[in-house]
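**Q** For reference, the sequence and a predicted model appear below.
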Protein chains: 2
Amino acid sequence: MADVNIRGASSPVSTAVAGAPGPAWDLIELLFFAYRDFVGDADAVLAEFGFGRAHHRVLHFVHRNPGIKVADLLDILKITKQSLGRVLKQLVDEGYVIQKEGEIDRRQRLLYVTGKGKDLALKLANLQTERIARALAHAGPQVRESACRFLSAMVDADSRDQVLRMIAR
Amino acid sequence: MADVNIRGASSPVSTAVAGAPGPAWDLIELLFFAYRDFVGDADAVLAEFGFGRAHHRVLHFVHRNPGIKVADLLDILKITKQSLGRVLKQLVDEGYVIQKEGEIDRRQRLLYVTGKGKDLALKLANLQTERIARALAHAGPQVRESACRFLSAMVDADSRDQVLRMIAR
DNA sequence: TATTTACGTCAGCCATATTGACATATTTTG
DNA sequence: CAAAATATGTCAATATGGCTGACGTAAATA
């Protein structure tokens, strides 16, 4: 079970790379199932706090980018300011996130997590990290680097550098 | 740019595996961004047909599992029959999916894609395969196997065998 | 025959996304 | 300085895709 035979690089379906296509069913479906279970971990915890996945995403990126501008957060999440507005307001009202006026540009509302916000962000990140650690233990830790390379190459070329810069901190 | 330095296996953050944790920020965020852009590809096409992501998922799994029972589809998607009902009805009404009475058990409504359904399913899968092919070309095709191993290990242990069996066809 | 199963459906609710319009404060530019 | 552009917030309406709970029907099974 440890070395599962998921069409290795030599199997017919994986020739998508080489140019004799046929859809890459394996990666298409693995991405679906892996992501489904990956985001599922946090749901139970979020429910206790009366939050949903949208709150998680906002909290996560504010935690990871202290002092981020609203506009930049919108760009990361690729949602509208109206959609962000609602969840952000809840996070602020309940004391998980604070907004500070920008010192240079006072139109900006720079976002920071509070102590409470940090605690929740870390609690959720630790849950997800546990799944990742189990996965690496199971698949062999040497797959880590390749998995990172593959996933970063899956990001739109436009945003890839920005994403890698954020991660590299 | 081809070999991006995303914290290799020796960097401090990646010690999550070894037991000196700290959240695995890199993989957490790469999964988010990779999936965001991966599912985004299909959206424009789906909009032309008046469908959404829910229709895509149903169409995909019916296409890949001809004759699947409603109950099994629910199990894969992890949604309720009421949620499935709405999108499935649209796909049936508009001629992308057909339901056949089971021959052995006539209570079952076995699901199949029509020609039209197959065309759309393949159109969407090809879009996603193109992104995967570009990613593999960029990251180096040798990462494919590791990426598959990692992603399958990320799936819940409960459903992993079932998922791998589906993919292995 | 009685029960269970597979599926469908009605009704209502919730979370999260959208578009479009408009308001306010502040910075930048001509 | 006045005008324009920018950063953000907000109101209103709408769509999508989840959910629970209740109920119905046909067919298989005990």
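**A** Everything's here; your move. Numbering: from 1, shown residues only, chains lettered A, B, ... in the order given.
**Q** Please make it C-alpha for all contacts and neighbour counts, starting now.
**A** Noted.
**Q** do you know how far the closest residue to A:Val92 other than its chain neighbours is from A:Leu124?
**A** Nearest non-adjacent residue to A:Val92, counting by C-alpha to C-alpha, 6 or more residues apart in numbering or on different chains: A:Ile98, 5.7 Å away. Using C-alpha to C-alpha, to the nearest Å, A:Ile98 is found at 19 Å from A:Leu124.
**Q** again with A:Pro23
**A** Applying C-alpha to C-alpha to A:Pro23 and A:Leu124 gives a distance of 34 Å.
**Q** Give me the residues contacting stretch A:150-169.
**A** B:6-7, B:25-26, B:29-31, B:33-34, B:37-38, B:131-132, B:134-136, B:138-139, B:143-144, B:147 (C-alpha atoms under 8 Å, 6 or more residues apart in numbering or on different chains).
**Q** Put the buried members of those into a PyMOL selection.
**A** Typed into PyMOL, the line below selects the buried ones among the contacts of stretch A:150-169, using 16 or more other C-alpha atoms under 10 Å in any protein chain shown:
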select buried, chain B and resi 6+7+25+26+29+30+31+33+34+37+38+131+132+134+135+136+138+139+143+144+147
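**Q** could you show me where the helices are in chain A, in order?
**A** A:25-48, A:53-64, A:70-77, A:81-93, A:115-139, A:143-154, A:157-167 (DSSP state H).
**Q** Which other helices and strands does the fifth one contact?
**A** In this structure, helix A:115-139 makes packing contacts with helix A:25-48, helix A:53-64, helix B:25-48, helix B:143-154, judged by 3 or more C-alpha pairs under 8 Å, 6 or more residues apart in numbering or on different chains; DSSP states H and E.
**Q** Now do that helix against helix A:81-93, angle only.
**A** Helix A:115-139 and helix A:81-93 are oriented at 110 degrees to each other (axes from the mean of the first three to the mean of the last three C-alpha atoms, to 10 degrees).
**Q** Next, the angle helix B:25-48 makes with helix A:115-139.
**A** Using the same axes, to 10 degrees: helix A:115-139 against helix B:25-48 is 90 degrees.
**Q** Taking helix B:143-154 as reference, get the angle to helix A:115-139.
**A** Using the same axes, to 10 degrees: helix A:115-139 against helix B:143-154 is 120 degrees.
**Q** So for helix A:115-139, mean pLDDT?
**A** Across helix A:115-139, pLDDT averages out at 97.
**Q** go on, the last one?
**A** Helix A:157-167 shows an average pLDDT of 95 in the prediction.
**Q** what residues are up against the closest residue to DNA strand C within chain A?
**A** Residue of chain A nearest DNA strand C, by C-alpha to the nearest atom of the strand: A:Gly52 (3.0 Å). Contacts here follow C-alpha under 8 Å, 6+ apart; on that basis A:Gly52 touches A:43, A:46.
**Q** Which pLDDT value goes with it?
**A** As predicted, A:Gly52 sits at a pLDDT of 96.
**Q** same thing with A:Ala20?
**A** 59.
**Q** Can you pull the phi and psi angles for the residue nearest to A:Asn126 when sequence neighbours are not counted?
**A** Using C-alpha to C-alpha, 6+ apart and skipping residues adjacent in sequence, the residue nearest A:Asn126 is B:Pro23, 5.7 Å away. B:Pro23 adopts backbone torsions of phi -60, psi 150, taken as degrees, to the nearest 10.
**Q** Please work out how many residues are found near B:Pro23.
**A** B:Pro23 has 23 neighbours, counted by other C-alpha atoms under 10 Å in any protein chain shown.
**Q** again with A:Ile76
**A** Residues near A:Ile76, counting by other C-alpha under 10 Å, number 15.
**Q** ok, now which ones touch it?
**A** Per C-alpha under 8 Å, 6+ apart, neighbours of A:Ile76: none.
**Q** Check what pLDDT it gets.
**A** For A:Ile76, pLDDT reads 97.
**Q** Distance of it relative to DNA strand D?
**A** Remark: distance between A:Ile76 and DNA strand D (C-alpha to the nearest atom of the strand, to the nearest Å) = 12 Å.
**Q** Check A:Pro23 too.
**A** The gap separating A:Pro23 from DNA strand D is 22 Å, by C-alpha to the nearest atom of the strand.
**Q** so that residue makes contact with B:Asn126?
**A** Yes. At 5.7 Å, A:Pro23 counts as touching B:Asn126 under the criterion of C-alpha atoms under 8 Å.
**Q** Please report how far A:Val113 lies from A:Pro66.
**A** 7 Å.
**Q** Repeat that for A:Val39.
**A** Distance of A:Val39 to A:Pro66, computed by C-alpha to C-alpha: 23 Å.
**Q** got the contact list for the most centrally placed residue in chain A?
**A** For chain A, the residue nearest the mean C-alpha position is A:Arg57 (7.2 Å; C-alpha atoms, centre = their mean). Each residue near A:Arg57 by C-alpha under 8 Å, 6+ apart is listed here: A:Leu77.
**Q** Output the helices and strands packed on helix A:115-139 in JSON lines; the columns should cover distance to DNA strand D.
**A** Conversion of the helices and strands packed on helix A:115-139 to JSON lines gives the following (distance: least, C-alpha to the nearest atom of the strand, whole Å):
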{"stretch": "helix A:25-48", "distance to DNA strand D": "11"}
{"stretch": "helix A:53-64", "distance to DNA strand D": "12"}
{"stretch": "helix B:25-48", "distance to DNA strand D": "8"}
{"stretch": "helix B:143-154", "distance to DNA strand D": "20"}
